[in-house]
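Novice: below: sequence and its predicted model.
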Amino acid sequence: MGLKKFATGVVKEAKRVRWPKREVLIPSIIVVIIIAGITGLLLFGEDVAGKKLIDILSDAFRSMK
């Protein structure tokens, strides 16, 4: 399969796609951005909590020596 045939097939398939209307697309994008932001904040919080836990454990084991 040549590159030209592949590109032609991609263009042909892209023309058959039913793209969403702007009225549907914008709210969907907003929802995705909000969910990504919340997930990012949760992961950041877990990262900070994990670092604190590691620091606490490190200090505890250091004082045992």
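Specialist: The structure has been received and is ready for your questions.
Novice: okay, which residue is most central for the chain?
Specialist: Ala36 (6.2 Å; C-alpha atoms, centre = their mean).
Novice: contacts only, for that residue.
Specialist: By C-beta atoms under 8 Å, 6 or more residues apart in numbering, the contact list for Ala36 is empty. (Each C-beta comes from the backbone N, C-alpha and C, glycine too.)
Novice: what's the helix or strand for it?
Specialist: helix 22-64 (DSSP states H and E).
Novice: how close does the residue nearest to the centre of the chain get to Ile29?
Specialist: 11 Å (C-beta to C-beta, to the nearest Å).
Novice: can you check Met1 too?
Specialist: 34 Å.
Novice: among those two, which residue is more densely surrounded?
Specialist: Per other C-beta atoms under 10 Å, whichever of Met1 and Ile29 has more neighbours is Ile29, with 10 against 6.
Novice: list the contacts for that one?
Specialist: For Ile29, the contact set (C-beta under 8 Å, 6+ apart) is empty.
Novice: need the pLDDT of Lys65.
Specialist: You'll see Lys65 listed with a pLDDT of 68.
Novice: neighbours around Gly45, how many?
Specialist: Residues near Gly45, counting by other C-beta under 10 Å: 10.
Novice: which pLDDT value belongs to it?
Specialist: pLDDT, read off for Gly45, is 98.
Novice: now do it against Phe6, distance only.
Specialist: If you measure Gly45 against Phe6 using C-beta to C-beta, the figure is 44 Å.
Novice: quick check: phi and psi on Gly2?
Specialist: phi -80, psi 160 (degrees, to the nearest 10).
Novice: ok, Trp19 next?
Specialist: The phi and psi torsions at Trp19 (degrees, to the nearest 10) take the values phi -80, psi 140.
Novice: what number of residues lie near it?
Specialist: 8.
Novice: also Leu43?
Specialist: So Leu43, with other C-beta under 10 Å, has 10 neighbours.
Novice: equivalent analysis for Leu42, please.
Specialist: 10.
Novice: mind checking pLDDT for it?
Specialist: pLDDT, Leu42: 98.
Novice: please report how far it lies from Trp19.
Specialist: Noted for Leu42: a distance of 32 Å to Trp19, by C-beta to C-beta.
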